[in-house]
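Colleague: Here is the input, now give the coordinates:
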Amino acid sequence: MNASDTSTTEFDSLLPAARLDRRGFVTTVAATGFALAVCPIQASTVISTDSTGLDTGTATVESGGEQLPVYFARPARGDGLPVVLVVQEIFGVHEHIRDVCRRLAGQGYLAIAPELYFRQGDPAALENIADILSSIVSKVPDAQVMADLDACARWAATRGGDTARLAITGFCWGGRITWLYAAHNPALKAGVAWYGRLRGASSENQPTHPIDVAANLNAPVLGLYGGQDQGIPLDDVEAMRGAIRSAGKPGEIVVYPDAPHAFHADYRPSYRKNEAEDGWKRLLAWFSAHV
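Modeller: Got it, this is the predicted structure:
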């Protein structure tokens, strides 16, 4: 089983969540590098996207009376840009997620990656995946995440973004969130969910899962999954595919038979170049067709 997709209810002892002030979290967002829990990095496969011709940086977005730190990337010139919300893995907005934003910006999008755990703690500083899950991820309410993403969409409209052309993509934890947000926001045009968990036990913070909201999708979602993912059973993938079809919702799920979980994460041993590149091409085509 992949720890990054393990239900947090399996952890009986939850560590106290560390609440960071805004200055501390902005510093974390701005820093280069990766979360400690995924070190050592597979340096030979890390993709690093040049920011030439791009406007990149950090900002804060008002959400629920608090200042939500975000990383953004966009073409240096031009307004009316389509907007993509980029949702982190459990490791937070580290260098891989920032690079995904720059890749999207290079394709003409305003990409925004919010630090969706900033109220609960900083996953970049924790060395153990189980600790991230138990002390931070389990404390993050889905409703809070939906509200934060809505706030980012509103902020994008003030930074040259066209929120009538709104999309979302996310990885692992963010893949699950992508499905949920597609059922939450009626203004969304498209989503691409990378190996996001589809089923799980209900809890106060996570009352529903993608399989539960398939009939409520407001936008077509492309799901990208690995056939060798030990944390997401293929039965769940097939059930989600059937649920979308039964509900008459537009969408597509692609399974790469030989790919493990996190096959797009070029900084990890799970990276699979061919599948990652094919998935990225599919993402761009999906957004081009729907956004």
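Colleague: Quick one: the strands in the stretch 1-150 of the chain, in order.
Modeller: All strands of the stretch 1-150 of the chain, identified by DSSP state E, counting those that start in this stretch, fall at 54-63, 66-75, 81-87, 110-114.
Colleague: Deepest in the core, which of these is it.
Modeller: strand 110-114 (a mean of 28; mean count of other C-beta atoms under 10 Å). Where you see a C-beta, it was placed from the backbone N, CA and C, and this is true even at glycine.
Colleague: if I look at Val46, how far off is Leu133?
Modeller: As judged by C-beta to C-beta, to the nearest Å, Val46 and Leu133 stand 24 Å apart.
Colleague: higher neighbour count, the two?
Modeller: Per other C-beta atoms under 10 Å, whichever of Val46 and Leu133 has more neighbours is Leu133, with 23 against 16.
Colleague: hang on, the more buried one packs against Glu89?
Modeller: No - with contacts counted by C-beta atoms under 8 Å, Leu133 stays clear of Glu89, the gap being 11.7 Å.
Colleague: Mind listing what's buried along the helix ranked longest in the chain?
Modeller: Using DSSP state H to define each element, the chain has its longest helix at helix 273-290. For helix 273-290, the neighbour count (16 or more other C-beta atoms under 10 Å) marks Glu275, Ala276, Asp278, Gly279, Trp280, Leu283, Trp286, Phe287, His290 as buried.
Colleague: One more: stretch 215-228?
Modeller: Buried residues in stretch 215-228 (16+ other C-beta under 10 Å): Leu217, Asn218, Ala219, Pro220, Val221, Leu222, Gly223, Leu224, Tyr225, Gly226.
Colleague: Also stretch 192-209?
Modeller: Val192, Ala193, Trp194, Tyr195, Gly196, Arg197, Leu198, Arg199, Gly200, Gln206, His209.
Colleague: likewise stretch 225-239?
Modeller: Tyr225, Gly226, Asp229, Gly231, Ile232, Asp236, Val237.
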